[in-house]
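Trainee: Turn this into a model:
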Amino acid sequence: EQILQHLASKDFNLLFVSLMFSHEWVMTKSIIKTIKKKYPNVILVCGGEHISACPEFCMKECPEIDVCVFGEGEKTSVDLLKTIEQKKSLYEVKGIVFRSEKGIIRNPNRARISKIEDIPRPAWDLFPLENYLSNGLGYGVNPGRSMPMLISRGCPYQCTFCSSPQMWTTKWQARNVDCVIKEMSFYINKYNAQNFDFYDLTTIVRKDWIVDFCQKVIKKNWNITWQMPAGTRSEALDDETLGLMVLSGQQHISYAPESGSKITLQKIKKKIKIDTMKKSIKSALSKGMSVKLNLMMGFPNETHKDIFQTLIFLKDAAVMGVSDVYVACFSPYPGSELFDQLYKNGQIAKLDEEYFLNLTSYSDLVRSYSYSQHVSHHMLTFYRLGGMSMFYFINFIFHPKRL
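Mentor: As a prediction, this is how the structure comes out:
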């Protein structure tokens, strides 16, 4: 109702809808249908991670959608707008799926943006940003005036539970360090920003980049903090790098080992070494960082033995002094390799409302949905709750000051 009230005050003939997460599809589809019913002549364009994973499906399920943008949207959206304005053929726009007299048409892919420094900054001046900054309404761990930023795009890895390769390809690009520093300086001066949350898929890939970044932030003497709430990998996080990160304002760090089982890690193509990650975690803790771990259980073919190895990893993390942990249950997102496997073998029978709502179980502590034939839904809930309870119990015993 609030969205409709907002639209009623606007004069528009085209509307963009962003859809990042597949578990939001049911609700977003309902909103789209409601809007189109009231504004039947408006061209409705959808984009985002979910749309990029299955644009044809979305258009079939929701006839109200006129165009889908897949992959990066900056250049495609501008090209699409100019094409519509000039009444040219949509066949000329790369990176879209659209309706025509011949049915649903998918145009060729658009090449990745080669220099992401050239992408304009978010138009925060058009957004009621102060409402969020003054009320601490960010998603990061630091209170205060926090600005979200992206310093890179893509991920060079191919984890089977992730749809990133389909959305971005496996090309990882980082912005020029000076470009990032300049944007941070602008937010400090204009919005009095005190903390920065980098929501990159994989913030740290190259050690030379993060070292250069930290050294330049230290020289600025801004007295700010910065975090990576979305998590990161451990390959480039050695003792030297972590030390510079702390000096430049990094207080909290999230690692994403996903599993403590070497067999599971191999199956999901998570190319990390548990011992190397433990070494990195110990180094981060020794520098005074607050460390969080993100793990998952319930992968296809995962056994009770595999899950026990993850529980052992949790026990070791608690003894080391890791501050926080979240154990999610695996959710097969469209566009991921594991989704394709489960769909082909019939474990995902159809993409109905029940399937999409089951994707929300990753964040539901009392309701888990297991895709492993060895572990039931109830057992998966028991393992998740039991593992987290065990972690905090051991954590408080070995580190009683945390109480």
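
Trainee: helices and strands around the biggest helix by length in the chain, which ones?
Mentor: The helix spanning the most residues in the chain, taking DSSP state H as the definition, is helix 377-398. In this structure, helix 377-398 packs against strand 290-297, helix 304-320, strand 324-329, with contacts taken as 3 or more Cβ pairs under 8 Å, 6 or more residues apart in numbering; DSSP states H and E. For every residue, glycine as well, the C-beta is placed using N, CA and C.

Trainee: Skipping adjacent residues, who's closest to residue 226 in space?
Mentor: In space, residue 226 comes closest to residue 196 once its chain neighbours are excluded; the distance is 4.2 Å by Cβ to Cβ, 6 or more residues apart in numbering.

Trainee: In the stretch 151-300 of the chain, where is pLDDT below threshold?
Mentor: 231 (pLDDT under 70).

Trainee: can you give me the strands in it?
Mentor: 152-153, 173-174, 195-198, 225-232, 250-258, 290-297 (DSSP state E, counting those that start in this stretch).

Trainee: Switch the ones you listed over to TSV; also include mean neighbour count and distance to residue 307.
Mentor: Output for the strands of the stretch 151-300 of the chain, formatted as TSV (neighbours: other Cβ atoms under 10 Å; distance: least, Cβ to Cβ, whole Å):
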stretch	mean neighbour count	distance to residue 307
strand 152-153	21	33
strand 173-174	19	35
strand 195-198	21	31
strand 225-232	20	21
strand 250-258	21	12
strand 290-297	21	6
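
Trainee: Kindly reformat these as CSV and extend each row with distance to residue 326.
Mentor: Putting the strands of the stretch 151-300 of the chain into CSV (distance: least, Cβ to Cβ, whole Å) gives the following:
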stretch, distance to residue 326
strand 152-153, 23
strand 173-174, 27
strand 195-198, 17
strand 225-232, 10
strand 250-258, 9
strand 290-297, 6
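
Trainee: Turn the helices and strands packed on helix 377-398 into a markdown table, columns for distance to residue 91.
Mentor: Putting the helices and strands packed on helix 377-398 into a markdown table (distance: least, Cβ to Cβ, whole Å) gives the following:
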| stretch | distance to residue 91 |
| --- | --- |
| strand 290-297 | 41 |
| helix 304-320 | 49 |
| strand 324-329 | 42 |
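
Trainee: Among the ones you listed, which comes closest to residue 19?
Mentor: Taking Cβ to Cβ as the measure, the helices and strands packed on helix 377-398 were each checked against residue 19, and strand 324-329 came out nearest at 20.5 Å.

Trainee: Which strands or helices does the closest one pack on?
Mentor: Other helices and strands packing on strand 324-329, by 3+ Cβ pairs under 8 Å, 6+ apart, are strand 290-297, helix 304-320, helix 377-398.

Trainee: From the rest of the structure, what touches the second one?
Mentor: With contacts defined as Cβ atoms under 8 Å, 6 or more residues apart in numbering, helix 304-320 is touched by 257, 259-264, 274, 278, 281-282, 285, 293, 295, 297, 299, 325, 327, 374-375, 379, 383, 386-388, 390-395, 398.

Trainee: Show me just the buried residues among those residues.
Mentor: Among the contacts of helix 304-320, those classed as buried by neighbour count (16 or more other Cβ atoms under 10 Å) are 257, 259-261, 264, 274, 278, 281, 285, 293, 295, 297, 299, 325, 327, 375, 379, 383, 387-388, 391, 394-395.

Trainee: sorry, back to before: list the contacts of the residue nearest to residue 226.
Mentor: Applying Cβ under 8 Å, 6+ apart to residue 196 gives the contacts 146-149, 184, 187, 224-227.

Trainee: got it, and residue 360?
Mentor: Residues counted as contacts of residue 360 (Cβ under 8 Å, 6+ apart) are residue 23.

Trainee: Repeat the analysis, applying 10 Å as the threshold.
Mentor: Residue 360 is in contact with 21-24, 26, 331, 367, 369, counting by Cβ atoms under 10 Å, 6 or more residues apart in numbering.
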